[in-house]
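A.B. asks: The sequence and its predicted three-dimensional model are supplied below.
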Amino acid sequence: MKATKTFAASLLIAALGAGCSTTSPNTQRGAIGGAAAGAVLGGIVGHQSGETKAGAAIGAAAGGLAGAAVGNQADRRNERQTEADRRITSTSTAVRTPPPMPTSAPRESVPPQPSPNSVWVEGYWSYPGYGDQYQWVAGYWAVPPPGYRTWAAPSWQRNSNGTYVYMQGHWR
């Protein structure tokens, strides 16, 4: 009877935790993996005290919650990286004479580095391709895509036909 109550309580906790997290792939995989690992570990610990089923149930609930939390953090990191990728989509604009660059940049304060593999991308003037209107893109921390380590700021490059092409910033 005690094991049944414990099992019911652990299922309730797991259901509440699942409702608080997203249903994206990393969260789901994290919850399933955490629940499985927690059930095994909880069963082993519970076996020592003669409460194998209760230990497995509590371990599954705790592992599921912990796994969902870890997976949810991975999902959030991926969402931030996707947003950073959208900001740096490579496009170019060809002109006969590049518009004059703005003379100064806004002063930026760099927030603390969010992770050891994050790279600070300094703010820069982006050229959207019309008139001589530049747009300021504020600096931000980003994790380089796999195989890349540094950020190349946007620039104007002269082509062999005499036109100038505005090259968006990119990873290299």
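C.D. replies: Good, I have the coordinates.
A.B. asks: Could you list the domains of this structure?
C.D. replies: The chain breaks down into these structural domains: 2-85, 90-172 (assignment by automatic domain parsing).
A.B. asks: Out of those domains, which gets the lowest mean score?
C.D. replies: Across the domains of the chain, domain 2-85 has the smallest mean pLDDT, namely a mean of 63.
A.B. asks: in the chain, which spans are helices?
C.D. replies: Using DSSP state H, the helices of the chain run over 2-20, 25-49, 52-87.
A.B. asks: So for stretch 116-133, what gets flagged as buried?
C.D. replies: By neighbour count, with 16 or more other CB atoms under 10 Å as the criterion, the buried positions of stretch 116-133 are 121, 123, 124, 126, 127. To be clear about C-beta, it is placed using only N, CA and C from the backbone, and glycine gets the same treatment.
A.B. asks: Also stretch 53-61?
C.D. replies: Residues 53, 54, 55, 56, 57, 58, 59, 60, 61 are the ones in stretch 53-61 that count as buried (16+ other CB under 10 Å).
A.B. asks: Stretch 136-150 too?
C.D. replies: Here stretch 136-150 shows 137, 139, 140, 141, 142, 143, 144 as buried, counting by 16+ other CB under 10 Å.
A.B. asks: Contact partners for the last one?
C.D. replies: Spelled out, that is residue 144. Residue 144 makes contacts with 117, 119, 150, 151, 171, as judged by CB atoms under 8 Å, 6 or more residues apart in numbering.
A.B. asks: Isn't the second one up against residue 151?
C.D. replies: Yes - counting by CB atoms under 8 Å, residue 119 touches residue 151, with 6.2 Å between them.
A.B. asks: which residues do those two both contact?
C.D. replies: Counting by CB under 8 Å, 6+ apart, the residues touching both residue 119 and residue 151 are 142, 144.
A.B. asks: Please tabulate the contacts of residue 144 in JSON lines and include distance to residue 65 as additional columns.
C.D. replies: As requested, those are arranged in JSON lines below (distance: CB to CB, whole Å):
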{"residue": "117", "distance to residue 65": "27"}
{"residue": "119", "distance to residue 65": "32"}
{"residue": "150", "distance to residue 65": "39"}
{"residue": "151", "distance to residue 65": "37"}
{"residue": "171", "distance to residue 65": "36"}
